[in-house]
Structures are given as C-alpha cells and as structure tokens.
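[1] next come a sequence and a model predicted from it.
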Amino acid sequence: MSRRPSSKKPQYRSDGSFVSKSGSGGDVTGPGLWVTGVRGKERICVAETYEVLEALVEELYPGAQEEYRKMKDAWRTAQQQTEGGKEAEREAENDDDEEEDIEKQVAKELAGLATARKGRTKKLANLIVNHQTNIDCIMWFSLLPPIDPTAITLHLLNKIKSTGFSGLRYVQRLTPASYSCPATLEDIVTLVQTKLYPPVFNQGRAVRFKVLHHSVHNASLDRDVLIRTLATSVPQDQGHFVDLSDNAEVIISVRLLRNVASFSLLPGKEYVDLLKFNVPLLTAEVRVQNSNEKAEGEGGESSSRAGAAVSAKMEAKEAVVGM
C-alpha cells in the first residue's frame, strides 16, 4: 500500500527560516552549526562547544547575549502579567461561588510551587541553543542573530591555527549552516536562488565553485541529482563554472538530515587551509609545526654556541703563538 503524501504545509518563522516537524528530536533548522564528535562523548562535546561559542560571541558580538536576555525577560514578564490579569478576572467571576474544597486548594498550591521551581531553574536565554538530533556523533547548535555561523566558525578555526589550542577535545568537525528548508528539490531551488546564491554569484564576475554533499538518514534525494540541481541553479549568464579541485573559490555546502536540508557558502581557500574544518587535524598540524620550529631554533642556538666556542679556542691559540 503506497503512502499518501502529507497534506501538512512546511512551517516557517517570521524571518523566513524553516521549522522542522520531523520528530527528529529537536529543531535542526535555521542558521546554526553542525558539530560531529567522538561516539559516546556527545555530552562533553555539547558542553565544550557551548563554552567555546559563548566566549566567541562575547568577543565578536559584545553585549548581544545580554541584550537578548533582557528582551526575553521583558517578554516573559509581559506574559506573566497577561496570565495574572486573566487569573484575576477568573477569580472575580467566582467570588460568589462556594469555596474550593481542601483537595483543590492543595492541588493549586502544589501547582504554584512547581511553577516557581521551574522559574528558578530555567536556563538563561541564550543566542546559542543545542537541539537533540538523536543520532550518535552528530550535534546541532542553533545560532540566533546577530551571529553569522560561517563567520564565527572561520574565526574559531583561524584562532586554532594561530594558537594550536581549540578547547574542543572530542569535537571532530564543524560545519556552519546559513539557511535550511524542507529536503525537496522545489524548496531547495527556491532557497538557493533567492537567498544563498545572490550575495556571491550575482556580482558580475565568473566564480569557480564545487558542491560538498553530506547526507544522514535521508533516502528521498539522490546525491547526483541534488548536486546537479545545485550546480545548474547557479546563474548561467555570468560565466560561473564547476572546479572539483582544491582551487575552487566557493564551496556550496549542503547537509541533509532526515527531511531537512541546510546550506552555506564556504570560502574555498580557507576550507583547504583549515583542513576541511577538521578540528583535531588542524590542532595536531599546528602543534607539529610549532614543535619543529622550536627544535630548529634550539638546533640553531646549539650550532651558534658551538661555532662561538671554536672561534674562541682559535683566537686563544693564536694569542699563545704570538706571545
């Protein structure tokens, strides 16, 4: 028996980003960051990624977190006042009714205590929110405006390249996502042509590009068909062409998870220089380079000291002969 197509329309936020209702364990849509990590260490990966990203947000977007929290607090206060007003109206209407029995009063008091406890333990509003994917090794972090997922990822990786320190012991790879949509060809073409491509491919010059594809738990879109669709959706009148080598200027990154497709445009040169955003490989390479430079420096100093000693001995010998 064939399955009837769903009649439910895709849901979108006010900013146009797609909201997943796939039952994947959490909302894995909108701007954000894919994080792959070591199996069995996902909880540590999430904690470390939170810590690193929050520090970067304070560095790149100072005051943005606090401003967002104030806005959310004001919204919650308004909601509570609205609910309080409705409760007062209900109580006024029931003034002439008989008093509630003891059991109802106790239940009401317990509900009030539970609400108060929930309010005390509620996590501070955050521009960075982790959502469960229910898939081993794969984590998703929603990044709310003004955070740019690609910019913050590049900043982090360049810091790792310069310092050799990541703070991410169990994270394997980072993949930013600027947009997302339902994983259908129609929705994908609409998204890339209206939002993803214009800032790069409508600048009046030819761009070398290639498509980077990754899919998890999605059997509805054929890989070759999707890659060909993304390539042919690039404007055809400006001389853009596919370059499968490491010389591609722009990488169209597409990642499928169940019924959600997420996209970003990555700078090709930095993608290669930063070892395809592989955190442990990048960290290891920097440390090896630093170790080699240190060894060369120490070797040079030893050679200089040995040369100075030889020169001193020759000068002393010449002085003795001349006496």
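    Received it, and whenever you're ready, just let me know what you need.
[2] check whether Asn290 really touches Gly164, as I assumed.
    Yes: under the criterion of C-beta atoms under 8 Å, Asn290 makes contact with Gly164 at 5.8 Å. From N, CA and C alone the C-beta is placed, and that goes for glycine too.
[3] looking at the two, which is more packed in?
    Neighbour comparison, Asn290 and Gly164: the larger count goes to Gly164, with 17 against 12 (by other C-beta atoms under 10 Å).
[4] chain neighbours aside, what residue packs nearest to the more buried one?
    Nearest non-adjacent residue to Gly164, counting by C-beta to C-beta, 6 or more residues apart in numbering: Val286, 3.9 Å away.
[5] ok, how many other residues are close to the one you found?
    Neighbours of Val286 (other C-beta under 10 Å): 18.
[6] check which helix or strand it maps to.
    Using DSSP states H and E, Val286 maps to helix 279-322.
[7] mind listing the residues bridging to Ser180?
    Note on Ser180: beta-bridge partners Ser262, judged by DSSP bridges.
[8] ok, now Thr175?
    As assigned using DSSP bridges, the partners bridged with Thr175 are Trp34.
[9] Trp34 is in contact with that one, correct?
    Yes: using C-beta under 8 Å, Thr175 makes contact with Trp34 at a distance of 4.0 Å.
[10] shared neighbours of the two, which are they?
    Arg255 (C-beta atoms under 8 Å, 6 or more residues apart in numbering).
[11] per-residue pLDDT of the residue nearest to Gly164, please?
    We have a pLDDT of 93 for Val286.
[12] wait, it sits on Leu157?
    No: if you go by C-beta under 8 Å, Val286 and Leu157 don't touch, sitting 10.7 Å apart.
[13] between these two, what contacts are shared?
    By C-beta under 8 Å, 6+ apart, no residue touches both Val286 and Leu157.
[14] Leu174: how many residues sit nearby?
    Neighbours around Leu174, by other C-beta under 10 Å: 24.
[15] cool, Gln236 as well?
    8.
[16] sec struct for it, please.
    coil (DSSP: H, G, I helix; E, B strand; the rest coil).
[17] contacting residues for the closest residue in space to Phe141 that isn't next to it in sequence?
    Nearest residue to Phe141, sequence neighbours excluded (C-beta to C-beta, 6+ apart): Leu33, at 4.6 Å. By C-beta under 8 Å, 6+ apart, the contact set of Leu33 is 49, 53, 140-141, 143, 149, 152-153, 174-177.
[18] redo these as a markdown table? Include pLDDT.
    Output for those, formatted as a markdown table (pLDDT from 0 to 100):
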| residue | pLDDT |
| --- | --- |
| Thr49 | 97 |
| Leu53 | 96 |
| Trp140 | 97 |
| Phe141 | 97 |
| Leu143 | 96 |
| Pro149 | 97 |
| Ile152 | 97 |
| Thr153 | 98 |
| Leu174 | 98 |
| Thr175 | 98 |
| Pro176 | 98 |
| Ala177 | 98 |
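[19] return the subset of those lying in strands.
    140-141, 143, 174-177 (DSSP state E).
[20] could you dump the residues you listed to a markdown table with distance to Asp224?
    As requested, the ones in strands among the contacts of Leu33 are exported to a markdown table (distance: C-beta to C-beta, whole Å):
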| residue | distance to Asp224 |
| --- | --- |
| Trp140 | 26 |
| Phe141 | 30 |
| Leu143 | 31 |
| Leu174 | 26 |
| Thr175 | 21 |
| Pro176 | 25 |
| Ala177 | 22 |
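[21] tell me which of the residues you listed is nearest to Pro235?
    Ala177 (22.3 Å; C-beta to C-beta).
[22] now that closest one: how far from Val129?
    From Ala177 across to Val129, the span is 14 Å (C-beta to C-beta, to the nearest Å).
[23] tell me the pLDDT of Ser245.
    pLDDT at Ser245 comes out at 95.
[24] state the distance from it to Thr229.
    Counting by C-beta to C-beta - Ser245 and Thr229 are separated by 22 Å.
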